[in-house]
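1. Got a predicted structure plus its sequence, pasted below:
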Number of protein chains: 2
Amino acid sequence: MSTHRPLRVALLGAGVVGGAVARLLTEHADDMAARVGAPLEIVGIAVRRAGRDRSDLGVDPALFTTDADELVTRADVVVEVIGGIEPARSLILRAIEHGASVVTANKALLAEDGPTLYAAAAENGVDLYYEAAVAGAIPLLRPLRESLAGDEVTRVLGIVNGTTNYVLDKMDTTGAGFADAVEQAQALGYAEADPTADVEGFDAAAKAAILASLAFHTRVSGTDVYREGITEVTAADVAAAREMDAVVKLLAICERSDRGVSVRVHPAMIPRTHPLAGVREAFNAVFVEADAAGQLMFYGKGAGGDPTASAVLGDIVAVARHRVGGGLGPGESSYADLPILTMGDAMTRYHISLDVEDRSGVLAQVASAFAAHDVSIETVRQQLVPGEAGQAARANLIIVTHTATDAALSSTVERLRTLDVVRGVNSVMRVEGS
Amino acid sequence: MSTHRPLRVALLGAGVVGGAVARLLTEHADDMAARVGAPLEIVGIAVRRAGRDRSDLGVDPALFTTDADELVTRADVVVEVIGGIEPARSLILRAIEHGASVVTANKALLAEDGPTLYAAAAENGVDLYYEAAVAGAIPLLRPLRESLAGDEVTRVLGIVNGTTNYVLDKMDTTGAGFADAVEQAQALGYAEADPTADVEGFDAAAKAAILASLAFHTRVSGTDVYREGITEVTAADVAAAREMDAVVKLLAICERSDRGVSVRVHPAMIPRTHPLAGVREAFNAVFVEADAAGQLMFYGKGAGGDPTASAVLGDIVAVARHRVGGGLGPGESSYADLPILTMGDAMTRYHISLDVEDRSGVLAQVASAFAAHDVSIETVRQQLVPGEAGQAARANLIIVTHTATDAALSSTVERLRTLDVVRGVNSVMRVEGS
């Protein structure tokens, strides 16, 4: 562990995202200190009103302050999760002028006035990171800015608004009209009571501006983005897309050609074979085409307290590590030597196909073999196999198990092979991804 | 532009990847210099045999050398794309001891002896980057190591071998058996003449070790990985998966639990609704579950000269930038002010649904409206609409265009509205993603 002095972190905002950041900073304090090379110390949390009970965040109540102006002057890292243009912009500029690095999740501000902020950060030699501002938890900033730094991005297609993707997905899977799908989304908390910012594409347009700036290393603001929402998309449009073997998505599109940059947000049909077509419910994804890398896609949760906080925390570690002066090496100091389990200890599920006699009591015997090894059965399906002349009737049993250790599952299969009623084990395959 | 002295880059290997790196370093020299803050200068390319014609790489023939031992002592950044354990390991260690930062794409070496290399880099205060070693062009290193640095990764499921994914995908889509699918893959260049390293899971196991080390910040070597290939997967297994609404994939699985870390490679069924199920042909994807971020997926090309070179170049920019002393800010110095096109100038395609009279000459009139605006039609589909009593016969025309400017497309639609034979424009939607 390093002996660097603690880095002072100021948090502006204690809403859904700010609360999650405060909680995770506390919960993961040791891990983060190891990765940064110095402890991170929350020196204050700016809130609009004093006195509200925030004991759920697990931080010292004395840290809450309503004087954000003062707080930003005594921090190494300022985390802005208030949102909106003001006072966020003034506070960020003030923090930068006082030499703090800044982490923000503020898409509206970056889309409106990003260049001013980037320039201020560059002038003061501090970092300004904003991974959480586009597509929440999905790491895009580093891939676009760093991993592809030697390549040339030609096109970005993004599903960057979870509400509209949820609505369009429901229209596609249930045949519902726009109004019904919005109602469903509202009932499930995927859409606001006033869904305008989402369904009219304003949210997506702000993110498109940030994406285009990142992808093409050029200045694009929210007002440069052509914007069309999904309010005019009808059940007939969705059905027409289906007939084309396509699906309707609200896309943020950033294209670079010899003529210039095109940045737009509008509903569009995309073929069902396209990776973006499989992005369901409120998930987000960004599809990138680069000269040498070819097609890439980044998928994940675009909103929510914890996912957004995860992105904010990654940025905090990065800017804090810069201040400690550490490189971005593999972080050997924090390498743990965790025990490595054998395959027998791995937890998995099995899909087993058996040839069995078709007589009473067979299933009971098979089930006992599973029970004897504490393996729980999820589903059993039995199919009669037409018997040949003079042969006993046979059946095919398909068994899918719940999760168990690979050792228990494999012993169960050995046991099944010894049963008289089992004529053969046709196949055994593990099941993952559920 | 910075006035920093040029950074000396030594390239070890001039095969498919090395050749692409050399070519792209030359082609993108200006962009990379802007992003690094100093020009990158290739000071030598180590090859096994002298005299081979490499004029296609566009570099000075005098740069080729067979003395790699000497070359690594006079570089700031050493790029190792030879592959294999030796002499790659000795050369990397020698480069590190001489103070060079290293970029490598060598999964076999990292899986076998990564910790030795990481330790040597840490001791000598240099960077060791290896984005290209797992999943080629897909940015994983930075997302796992940095973006998720404040989160806790609990599980990684990866499709990290393109050959086996191609084979399993063909078995799924065509019902072919394993041997036939391998033959198809070989014919198309997706599988080697001797496909053992791929189909037996050795390649995936090396990558699983690297992924687990990255995801869990612990030491995992190739020999810790349980490995089962796809040679035993039958057409019947794939059909059984299909009946379960699942698909068989070769997965690299890294799991972390209270008991320890489990790292394994084996075929498994995953539900078709899982994002990994949609990964087709020779593409790769890595699905990550983290405590706060939730589910993430990274998708792209896992192999090939240009995609791998793209990842190598990103690493070169990163380690070079560290040597110049620059932070990882948004790189304002390299910001271009590219012209931003209006929506009218954007290139897109339209799907148009028209209600038309059902009489001869209608299609000709409609087609002329498109031709008048230089919009080329890709497909037309006509459906007869049952006419009501006393009304003229009607038809529904579905037209999908080729790419054109949005202005031309929108003028075409305006024109269509004025035609007598067009009773109504039912819907107009853009088509993307092809």
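-> Cool, got the structure. This is a predicted model, so every value here is computed, not measured. Numbers count the residues shown, from 1 in each chain, chains lettered A, B, ... in the order given.
2. Disregarding flanking residues, what is the spatial nearest neighbour of residue A:404?
-> Taking CB to CB, 6 or more residues apart in numbering or on different chains, and ignoring the residues beside it in sequence, residue A:404 has residue A:375 as its nearest neighbour in space, at 4.5 Å. Where C-beta positions appear, they are placed from N, C-alpha and C, glycine not excepted.
3. Quick one: mean pLDDT for the host helix or strand of residue A:119?
-> Secondary structure here is read from DSSP states H and E; on that basis residue A:119 sits in helix A:107-124. Across helix A:107-124, pLDDT averages out at 91.
4. cool, and stretch A:158-177?
-> Taken as a whole, stretch A:158-177 has an average pLDDT of 96.
5. Also stretch A:4-21?
-> Stretch A:4-21 carries an average pLDDT of 93.
6. For the stretch 201-350 of chain A, just list every one of the strands.
-> In the stretch 201-350 of chain A, the strands defined using DSSP state E, counting those that start in this stretch lie at A:226-227, A:246-257, A:260-271, A:283-290, A:294-301, A:347-357.
7. could you dump the ones you listed to TSV with mean neighbour count, distance to residue B:113 and mean pLDDT?
-> Converted to TSV, the strands of the stretch 201-350 of chain A look like this (neighbours: other CB atoms under 10 Å in any protein chain shown; distance: least, CB to CB, whole Å; pLDDT from 0 to 100):
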stretch	mean neighbour count	distance to residue B:113	mean pLDDT
strand A:226-227	19	53	94
strand A:246-257	25	41	94
strand A:260-271	24	44	93
strand A:283-290	24	31	96
strand A:294-301	24	29	95
strand A:347-357	21	29	93
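8. that older thread, how about the residue nearest to residue A:404, what does it touch?
-> By CB atoms under 8 Å, 6 or more residues apart in numbering or on different chains, the contact set of residue A:375 is A:350, A:401, A:402, A:404, A:408, A:409, A:412.
9. how does it look with 10 Å?
-> The neighbours of residue A:375, taking CB atoms under 10 Å, 6 or more residues apart in numbering or on different chains as the test, are A:349-350, A:369, A:399, A:401-405, A:408-409, A:411-413.
10. So for residue B:50, which of the strands of the stretch 201-350 of chain A sits nearest?
-> Put simply, out of those the one that sits nearest residue B:50 is strand A:294-301, at 33.1 Å, with distance taken as CB to CB.
11. angle of the closest one against strand B:283-290?
-> Orientation check (axes from the mean of the first three to the mean of the last three CA atoms, to 10 degrees): strand A:294-301 against strand B:283-290 gives 20 degrees.
12. give me the low-pLDDT residue ranges for chain A?
-> Low-confidence segments of chain A, defined by pLDDT under 70, span residues A:1-3, A:326-336, A:387, A:390.
13. What segments of the stretch 151-300 of chain A are helices?
-> When assigned using DSSP state H, counting those that start in this stretch, the helices of the stretch 151-300 of chain A occupy the ranges A:162-174, A:178-187, A:196-199, A:202-216, A:235-243.
14. swap that for the stretch 301-434 of chain A, please
-> Taking DSSP H, counting those that start in this stretch as the criterion, the stretch 301-434 of chain A carries its helices at A:305-324, A:362-372, A:406-418.
15. among those, which is the most enclosed?
-> helix A:305-324 (a mean of 26; mean count of other CB atoms under 10 Å in any protein chain shown).
16. Centre of the chain to it, how far?
-> Relative to its parent chain, helix A:305-324 has a centroid offset of 15 Å by CA atoms, centre = their mean, to the nearest Å.
17. what does the domain assignment say about chain A?
-> A:7-137+A:307-334, A:141-301, A:343-431 (automatic domain parsing).
18. Could you export those as CSV, including distance to residue B:222?
-> Rendered in CSV, the data for the domains of chain A read as follows (distance: least, CB to CB, whole Å):
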stretch, distance to residue B:222
domain A:7-137+A:307-334, 17
domain A:141-301, 24
domain A:343-431, 15
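19. And the furthest pair within the contacts of residue A:375?
-> Maximum pairwise distance among those (CB to CB): 17.7 Å, between A:369 and A:403.
20. how close does the residue nearest to residue A:404 sit to residue B:239?
-> Between residue A:375 and residue B:239 the computed distance is 24 Å (CB to CB, to the nearest Å).
21. Relative to residue B:23, which of the domains of chain A is closest?
-> Among these, domain A:141-301 comes nearest to residue B:23, with 9.5 Å by CB to CB.
22. Could you give the number of residues near residue A:381?
-> Other residues within reach of residue A:381 by the criterion other CB atoms under 10 Å in any protein chain shown amount to 12.
23. What distance do you get for it to residue A:351?
-> 11 Å.
24. Residue A:410 too?
-> Counting by CB to CB, the separation of residue A:410 from residue A:351 is 14 Å.
25. Ok, residue A:161 next?
-> Relative to residue A:351, and taking CB to CB, residue A:161 is found at 37 Å.
26. For the stretch 51-200 of chain A, which residues are neighbours of chain B?
-> The stretch 51-200 of chain A has residues A:101, A:114-115, A:117-119, A:121-123, A:125-131, A:136-152, A:155, A:157 near chain B, with proximity defined as CB under 10 Å from any CB of the partner chain.
27. Emit the ChimeraX select command for whichever of those residues are buried.
-> A single ChimeraX command selects the buried members of these (16 or more other CB atoms under 10 Å in any protein chain shown):
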select /A:101,114,115,117,118,121,122,126,127,128,129,130,131,136,137,138,139,140,141,142,143,144,145,146,147,148,149,150,151,152,155,157
